[in-house]
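S.K.: Turn this into a model:
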Amino acid sequence: MDFFIASAMAQDAAADAPSMLGTFIPLILIIVIFWFLLIRPQMKRNKEHRELVSSLSVGDEVITAGGLLGKITEVGESFVNVKLADNVEVSVQKHSVAQVVPKGTIDSAA
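M.R.: Okay, here's the model as predicted:
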């Protein structure tokens, strides 16, 4: 008789356990939210920056990541020369160019 009672209690405990799908749904939901709110926008920004860097050309007016405003005088494989003022030219990595500004920005900033 004790055998049947223990068996019945074991079946009742198994029925109360949450299903595997119910356990993983919150985890899957969190991953999907992170994908759409964090990972996907960051990938889009990286792609836009790669396109910006690959399209740099002589004469473009740029702002570097350090905040320097200048005009590109030479484009190399991984570096660009930027003229900041008369007789002042620096070499910076292409990836440190933050944005390309409209032509004439240097004249209006001075």
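
S.K.: Show me the residue sitting in the middle of this protein in space.
M.R.: Centroid-nearest residue in the chain, with CA atoms, centre = their mean: Gln42, separated by 2.5 Å.

S.K.: now the helix or strand hosting it, how far from the centre of its chain.
M.R.: Secondary structure assignment for Gln42, by DSSP states H and E: helix 40-54. Distance of helix 40-54 from its chain centroid, counting by CA atoms, centre = their mean, to the nearest Å, is 7 Å.

S.K.: Looking at the very next helix or strand once past that helix now, give me its mean pLDDT.
M.R.: Using DSSP H and E, the next helix or strand after helix 40-54 towards the C-terminus is strand 61-64. In this model, strand 61-64 carries a mean pLDDT of 96.

S.K.: Tell me which other helices or strands strand 61-64 touches.
M.R.: Judged by 3 or more CB pairs under 8 Å, 6 or more residues apart in numbering; DSSP states H and E, strand 61-64 is in contact with strand 69-75, strand 79-85, strand 97-101. The C-beta positions use only the backbone N, C-alpha and C, and glycine is treated the same way.

S.K.: Only alpha carbons, please: show the shortest one as PDB.
M.R.: This means strand 97-101. Provided in PDB are the C-alpha atoms of strand 97-101 (Å, rounded to 0.1, in the frame of the first residue of the first chain):
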ATOM      1  CA  VAL A  97      37.500  60.100 -39.000                       C
ATOM      2  CA  ALA A  98      34.100  60.600 -37.300                       C
ATOM      3  CA  GLN A  99      32.200  62.500 -40.000                       C
ATOM      4  CA  VAL A 100      32.400  64.300 -43.300                       C
ATOM      5  CA  VAL A 101      31.100  67.800 -43.100                       C
END
